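Q: The following comprises the amino acid sequence and a computationally predicted model.
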Amino acid sequence: MPKHSKRYLEVKKLVDRLKYYSLDEAIELVKKTATAKFDETVELHLSTNIDYRKPEQHIRGTISLPHGTGKTVRVLVFAKGDKAKEAKEAGADYVGAEDLVEKIEKEGFLDFDVAIATPDMMRIIGRLGRILGPRGLMPSPKSGTVTNEIGEAVREFKKGRVEVRTDKTGNLHIPVGKVSFENKKLKENVIAAVDQIMAMKPQGVKGQFLKKAVLASTMGPGIKLDLNELLRKS
């Protein structure tokens, strides 16, 4: 078991482990329990009822947050010609083709948050799967990162589009803003996230799709949300 800091143990006392908080209460509490010296990210953790043994029940896609995540997203694009130009004009941080593949392979370059590719580039970047795959950075049609609409994709990810995927325990971990956000903006981001995740419910999932929802800041304790209240809002 990792040893928690004295600060963490103190703020943890503010959270009633047996209580399920309303979203408004949880947001207030997240701000009280975020005492790090940096602007912590507020994260929504959702436990789903998917059967991870069935690949068709895995959730992978993207959601849009009305107020973004508050994070500067570094976007890398694999494209050539007009599509490369379109990516640059849309604000991509890095644009290239074989040169970028080589930079990632030989130099271990991974200084980006999202990688987008045009479909024709997939045969060139296929060999990067072993490097980008485990880090969740490999472009994929499912996550909207393999597309011919390059300009639109770059702008969407820069603005606050978030890639989501279930981990091996069927959980989703979604950044929904920063502690410095106004309460109203955090609330709207959480509701938008839940609404879009509910729309991604895979066919064949038995029983209640969402089992548990927890809100927490990067360094703060988890705060359990009243799921019934949350689903009524979404």
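A: Done, it's in.
Q: Only C-alpha atoms from now on, for both contacts and neighbour counts.
A: Noted.
Q: Contacts only, for the residue of the chain most remote from its centre.
A: Here the chain reaches farthest from its C-alpha mean at Gly81, the gap being 30.2 Å by CA atoms, centre = their mean. With contacts defined as CA atoms under 8 Å, 6 or more residues apart in numbering, Gly81 has no neighbours.
Q: how close does it sit to Ala216?
A: 43 Å (CA to CA, to the nearest Å).
Q: what about stretch 213-233, average pLDDT?
A: For stretch 213-233, mean pLDDT is 92.
Q: any idea which helix is longest in the protein?
A: helix 183-199 (DSSP state H).
Q: now it: how far from the chain's centre is it?
A: 13 Å (CA atoms, centre = their mean, to the nearest Å).
Q: So which elements touch that helix?
A: When contacts are defined as 3 or more CA pairs under 8 Å, 6 or more residues apart in numbering; DSSP states H and E, helix 183-199 packs onto helix 23-33, strand 60-64, strand 171-178, helix 227-233.
Q: for this structure, which spans come out with low pLDDT?
A: Across the chain, the ranges flagged by pLDDT under 70 are 1-5, 7-9, 234.
Q: Go again with 50.
A: Along the chain, the model assigns pLDDT under 50 to residues 1.
Q: For it, which segments are assigned as strands?
A: For the chain, the strands defined by DSSP state E cover 41-48, 60-64, 75-78, 94-96, 114-117, 161-165, 171-178, 210-217, 223-224.
Q: Among those strands, which comes closest to Lys142?
A: For those, the distance to Lys142 is smallest for strand 60-64, at 5.6 Å, taking CA to CA.
Q: any idea how the chain splits into domains?
A: Domain assignment for the chain by automatic domain parsing gives 16-68+161-233, 75-158.
Q: Between the two ends of the first one, what distance do you get?
A: Using CA to CA, the end-to-end distance of domain 16-68+161-233 comes out at 23 Å.
Q: same deal with stretch 108-120?
A: 23 Å.
Q: Show residues contacting it.
A: 73-79, 83, 103-104, 137-139, 145-148, 150, 153-154, 157.
Q: One more: stretch 143-160?
A: So stretch 143-160 is contacted by 60-62, 64-70, 72-75, 83, 86-87, 89-92, 114-119, 139-141, 163-164 (CA under 8 Å, 6+ apart).
Q: and the longest helix of the chain with strand 171-178, angle?
A: If you take axes from the mean of the first three to the mean of the last three CA atoms, to 10 degrees, helix 183-199 sits at 150 degrees to strand 171-178.
Q: The spatially closest residue to Val214 that is not a sequence neighbour and Leu29, how far apart?
A: The shortest distance from Val214 to any non-neighbouring residue, by CA to CA, 6 or more residues apart in numbering, is to Lys224 (4.5 Å). With distances taken as CA to CA, Lys224 is found 11 Å from Leu29.
Q: Go through the longest helix of the chain and flag the buried ones.
A: Buried residues in helix 183-199, counted by 16 or more other CA atoms under 10 Å: 185-195, 197.
Q: For stretch 120-137, buried residues please.
A: 121-122, 125, 128, 132, 136-137.
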